[in-house]
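Enquirer: Please find the sequence and the predicted model below.
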Amino acid sequence: MRGESVVSGVLAAAVQELARAGYRGLRIEDVALRAGVNKTTIYRRWPTKIELVRAALASDAHLFVLPQTGALRSDLLAVGRNFVEIAGSPEGQSVIRMLVAEGSDPEVVDLEKSMRATFEAMPKAVIANAVARGELAPDVDHMVVFDAFIGAIHHRIFMMNETVTEEFLARLVDIILLGALLPSPRPAPSRPRRSLRRE
């Protein structure tokens, strides 16, 4: 249990330092001080900064709770509320600012890819449940639903600096689901080109 508590304490400290200093400014010494451990304890388990930060961000995956309300609409509403709560926390806001401000750093790009792989598990499960219930057709890429949904919430919070209300979430879900349930438009048949040469 001692080892588990040390690990969880270090990962929590790393998230807090990431929120305070950003990725470039994060120092292992500061994480160790905040966690109350020796820095060699951190280096033994995470030899590099990027390995520590990747593990710290992955440890927050439990915050994205898989909703199982029995319907896609209410599942999406639950996902939206969950995202708003996380994005409203100091750590959540700082991590998103880090991804925007330091997004040109190759290591931050690598971290963003790791985060996407970790956090996509929940929306994929929501989609799989909706397909199993017959709410969505199985042969369509429905991750675009989540990209549009979370993107709209992200824009409202971080670009417009406005509150995400329950009414806004409900309207957003209904608009997105209306589009998701419509059949994808088929491409128009190509017409044979007319020859410009005169016979």
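Expert: Yep, that arrived.
Enquirer: C-alpha from now on. contacts and neighbour counts both.
Expert: Fine.
Enquirer: what about the closest residue to residue 73 other than its chain neighbours, which helix or strand?
Expert: Closest residue to residue 73 in three dimensions, ignoring its sequence neighbours and counting by Cα to Cα, 6 or more residues apart in numbering: residue 173, at 6.7 Å. Applying DSSP states H and E as the criterion places residue 173 in helix 166-181.
Enquirer: name the helices or strands packed onto that helix?
Expert: Packing partners of helix 166-181 (3 or more Cα pairs under 8 Å, 6 or more residues apart in numbering; DSSP states H and E): helix 72-87, helix 143-154.
Enquirer: residues of it that come out buried?
Expert: 169, 172, 173, 176, 177, 180 (16 or more other Cα atoms under 10 Å).
Enquirer: check contacts around residue 86.
Expert: By Cα atoms under 8 Å, 6 or more residues apart in numbering, the contact set of residue 86 is 63, 92.
Enquirer: again, 7 Å this time
Expert: Neighbouring residues of residue 86 by Cα atoms under 7 Å, 6 or more residues apart in numbering: residue 92.
Enquirer: Tell me the predicted confidence for it.
Expert: With respect to pLDDT, residue 86 scores 85.
Enquirer: just the one 3 residues further on next, same as before
Expert: We have a pLDDT of 81 for residue 89.
Enquirer: Next, the angle helix 72-87 makes with the helix or strand of the chain with the lowest mean pLDDT.
Expert: Sorting the helices and strands of the chain by mean pLDDT, DSSP states H and E puts helix 90-101 at the bottom, at a mean of 77. Using axes from the mean of the first three to the mean of the last three Cα atoms, to 10 degrees, the inter-axis angle of helix 90-101 relative to helix 72-87 is 90 degrees.
Enquirer: what residues does helix 90-101 touch?
Expert: Residues outside helix 90-101 that contact it (Cα under 7 Å, 6+ apart): 15, 16, 19, 22, 23, 86, 87, 108.
Enquirer: so residue 67 is in which element?
Expert: Judged by DSSP H and E, residue 67 forms part of no helix or strand.
Enquirer: For it, give its distance to residue 27.
Expert: 36 Å (Cα to Cα, to the nearest Å).
Enquirer: And residue 75, by the same measure?
Expert: 39 Å.
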